[in-house]
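Q: Please work out how this folds:
(one chain, ligands or ions: 1)
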Amino acid sequence: MKGKIVVYAGPMFSEKSAELITAYGRAQIAHRSVLAFKPQMDSRFGQDVIRSRKNGEIPAINISSVGEIANYDVDVYIIDEFQFLTGDVMVIDDMANKGKKFFIAGLDKTAEGKPFGLMPELLAIADEVKKLTAVCVDCDKNDDDEAINSFYLGQKDKDIVIGNNEYIPLCRKHWLARMNAKKKED
Ligand SMILES: [Zn+2]
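A: Predicted structure coming up:
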């Protein structure tokens, strides 16, 4: 089997997990051994699954560092919420060189619009990058743009944390407008 690294990147609500669940199902149909992983800290939907609003769920193993996947020998590796992992992305590159396939999803940017965790390095070593978008909640039919950023509705600036309720997806224009309004409040 040829090794490959496919990455799904985008803001919250861009259905990245749905892509992973599809890849998991395809691996099973192709009779490949497959395992899914997610960071320990993401407990939105319980500890042991990757779940999508529209695509069901799959079992997942909790890890905190990228290197932990090397303890498992399968054909296909699925990883969600990659931005929360620590460690060395070259572990993935080495495994891909040995014929392993990877389907990985993560937030490419923090709520402050900055590259998130190890995602920039992962995007650099990927064979394929699919940038997904969400629906901007501030656009009306006149603007009609796609959301590329996640915005934190709370007062304190911080990286995206657990739980979706305090975040909304916004297009570039409306994210900038809300960020500027927030700065004026401070
Ligand atoms: Zn918008």
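
Q: ok, which residues in this structure are in contact with the ion?
A: 136, 138-139, 145, 171, 174 (Cβ under 5 Å from the ion). C-beta here means a position set from N, CA and C on the backbone, and glycine is covered the same way.

Q: which residues in the chain form strands?
A: Under the criterion DSSP state E, strands of the chain are mapped to 4-10, 34-39, 49-52, 56-59, 61-63, 76-79, 101-107, 128-131, 134-135, 146-147, 149-152, 167-170.

Q: Sheet-wise, list the partners of the last one with their directions.
A: Read that as strand 167-170. strand 149-152 (antiparallel) (DSSP bridges).

Q: Name the surrounding residues that touch the strand it pairs with.
A: Residues from elsewhere that reach strand 149-152, judged by Cβ atoms under 8 Å, 6 or more residues apart in numbering: 11-12, 107, 109-111, 113, 158, 160, 166-172, 175, 178-179.

Q: what's the offset of that strand from the middle of its chain?
A: Centre-to-centre, strand 149-152 and its host chain are 14 Å apart (Cα atoms, centre = their mean, to the nearest Å).

Q: Next, the buried residues of that strand.
A: Buried residues in strand 149-152, counted by 16 or more other Cβ atoms under 10 Å: 149-152.

Q: cool, and stretch 30-41?
A: Buried residues in stretch 30-41, counting neighbours by 16+ other Cβ under 10 Å, are found at 34-39.

Q: of all the residues you listed, which comes closest to Lys101?
A: Val34 (8.7 Å; Cβ to Cβ).

Q: so where is the chain shaky, pLDDT-wise?
A: For the chain, applying pLDDT under 70 flags the ranges 41-47, 155-164, 186.

Q: Domain-wise, how is it divided?
A: What automatic domain parsing lists as the domains of the chain is 4-132, 135-185.

Q: and those, which is most packed in?
A: domain 4-132 (a mean of 18; mean count of other Cβ atoms under 10 Å).

Q: how far out from the middle of the chain is that domain?
A: 7 Å.

Q: ditto for stretch 130-144
A: 18 Å.

Q: what's in contact with that stretch?
A: Residues contacting stretch 130-144 (Cβ under 8 Å, 6+ apart): 6-16, 19, 108, 145-148, 168-171, 173-174, 177-178.

Q: Mind listing the residues bridging to the residue positioned nearest the centre of the chain?
A: Nearest to the mean C-alpha position of the chain, by Cα atoms, centre = their mean, lies Gly106 at 1.7 Å. Beta-bridge pairing for Gly106 (DSSP bridges): Ala9.
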